[in-house]
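Asks: return a 3D structure for these sequence lines:
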Amino acid sequence: MTAARTADTSTADATTGHAPRIDLARQAPDVYRAMIALDSAAREGLDPELVELVLTRCSQINHCAFCLDMHTHDARRIGVSEQKLYLLDAWNEMVGLYSDRERAALRLAESVTRLTDDFVPDEVYLTAAEHFSDEELARLIAVIFTINAWNRIAVSTRRVPPVRR
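Replies: Purely as a prediction, here's the structure:
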């Protein structure tokens, strides 16, 4: 039997007040490598800007600071506009800013991320299916469940982004 583990508060992060927990990459490298491979396979053939919007939106819903920091930085690097990033939490109100394809992807991302709200309604799925081929839709769903897994890893292990000034 193993002893219960608790976070060592003497090493708490100055910005969050939380101590980091286990390092998944070091303690379960095979799991970490599998996640990296899944992430890479899921993105294959999808528009990188759309992917970053979806990753950022899911990370907003899941309150994952580490992933929010990473994906907003990555989105800017590949050319996603500041306006799209700033208004992402209100994408549904911004009809002219996000394309119909982006809107369908974001709606699907929210529905898959918030499964307990109403599962994934047929209308949400069918709208996404109108904008994506079967292969793209399969990969989009994989991107969504993969970022949700990454968010859960980062939040449960208290991974935080570096403070940039």
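
Asks: residues touching the closest residue in space to residue 149 that isn't next to it in sequence, list them.
Replies: Closest residue in space to residue 149, ignoring its immediate chain neighbours: residue 35 at 6.7 Å, by Cβ to Cβ, 6 or more residues apart in numbering. Glycine gets a C-beta too; all of them are placed from N, C-alpha and C. By Cβ atoms under 8 Å, 6 or more residues apart in numbering, the residues touching residue 35 are 146, 149-150, 153.

Asks: now, which of those sits nearest residue 106?
Replies: Taking Cβ to Cβ as the measure, residue 106 lies nearest residue 146 of the contacts of residue 35, at 16.2 Å.

Asks: thought that closest one was touching residue 37?
Replies: No. In this structure residue 146 lies outside contact range of residue 37 using Cβ atoms under 8 Å: 10.3 Å.

Asks: neighbour-wise, which of the two wins?
Replies: Each of residue 146 and residue 37 has its neighbours counted (other Cβ atoms under 10 Å); residue 146 has more, 20 against 10.
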